[in-house]
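Chemist: Give me a model of this one.
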Amino acid sequence: MVRRKDGKTGRRNVGIASALVLTLLAAGRAQAQFDAGIPVGSKAPAIIIADLDGKPVDLGTVIGKKPVLLEFWATWCPICKALLPQLERVHQAFGDRVELFGINVTVNDSKSRIQRYLAEHHPPFRVLFDDKGVGTRAYDVPGTSFIVVVDSGGKVVYTGSGEDQDLVAAVRRAMGAR
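Modeler: Take a look at the predicted model:
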């Protein structure tokens, strides 16, 4: 949320933030264990975001019960696409012992575009459609390809952005933490 001078709040321009993050990533300045976004060590917000069918999904049903990996992504994000093999490795290594969610930030994305992307790329996560910005605000998302890993106690143990993340190691840390 951005607070304006008149005291009202408005939605952050995620498109500009995404472009900035992508620019920094391309320049090699962004890295895993990001300094932006929700702080490592904080309690993960148990929020409700709709899926592509409009059905509300309560993350509180899994956060604090088993490890969770959240990726804030978009269909047009090249880094998000590059992370798909990493996410598949997480899924293969841990199966249903970890919950994977892809939270689409909805900037320049529509449900039909997302459906086409899913049919082509088959990501290993459950897709949520954050058209109200609930997730991006709660997790203070700095841009697309932002990863948050939460342990089974509900604590954020990892955040990162960029292609050079070791997501299996991040989830392994969440599996051993409590």
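Chemist: Low-confidence ranges, this protein, go.
Modeler: When residues are selected by pLDDT under 70, those of the chain lie in 1-35, 177-178.
Chemist: let's go with 50 and repeat that
Modeler: Screening the chain residue by residue with the criterion pLDDT under 50, one finds the ranges 1-32, 178.
Chemist: what ranges do the helices span in it?
Modeler: Under the criterion DSSP state H, helices of the chain are mapped to 14-26, 78-82, 84-94, 111-121, 134-138, 167-176.
Chemist: among those, which is nearest Phe146?
Modeler: Set against Phe146 and scored by CB to CB, the helices of the chain come closest in helix 14-26, at 7.8 Å. Backbone N, C-alpha and C define where each C-beta goes, glycine included.
Chemist: Might you report the residue contacts of the residue nearest to Trp73 when sequence neighbours are not counted?
Modeler: Counting by CB to CB, 6 or more residues apart in numbering, Trp73 lies nearest to Cys80, which is 4.0 Å off, once chain neighbours are set aside. When contacts are counted by CB atoms under 8 Å, 6 or more residues apart in numbering, Cys80 is found next to 71, 73-74, 144-145.
Chemist: residues near His85, how many?
Modeler: No, residue 85 isn't His; it's Pro. Taking other CB atoms under 10 Å as the neighbour definition, Pro85 ends up with a count of 11.
Chemist: How about Glu163?
Modeler: Counted with other CB under 10 Å, the burial measure for Glu163 works out to 16 neighbours.
Chemist: Pull the number of nearby residues for the nearest residue to it once chain neighbours are set aside.
Modeler: Of all residues not flanking Glu163 in the chain, Ala82 sits nearest, at 4.6 Å (CB to CB, 6+ apart). Applying other CB under 10 Å, we find 14 residues neighbouring Ala82.
Chemist: Please apply the same query to Cys77.
Modeler: Using other CB under 10 Å as the criterion, Cys77 is surrounded by 24 other residues.
Chemist: please renumber so the chain begins at 18
Modeler: Happy to do that; since the first residue is 18 now, the last one works out to Cys94.
Chemist: Might one say that it is in contact with Thr161?
Modeler: Yes - proximity of Cys94 to Thr161 meets the contact threshold set by CB atoms under 8 Å, at 4.1 Å.
Chemist: need the contact list for Glu105.
Modeler: When contacts are taken as CB under 8 Å, 6+ apart, Glu105 is in contact with Pro141.
Chemist: could you measure it against Gly77, distance?
Modeler: As for Glu105, its distance to Gly77 is 26 Å (criterion: CB to CB, to the nearest Å).
Chemist: And for Ser178?
Modeler: Ser178 sits 25 Å away from Gly77, taking CB to CB as the criterion.
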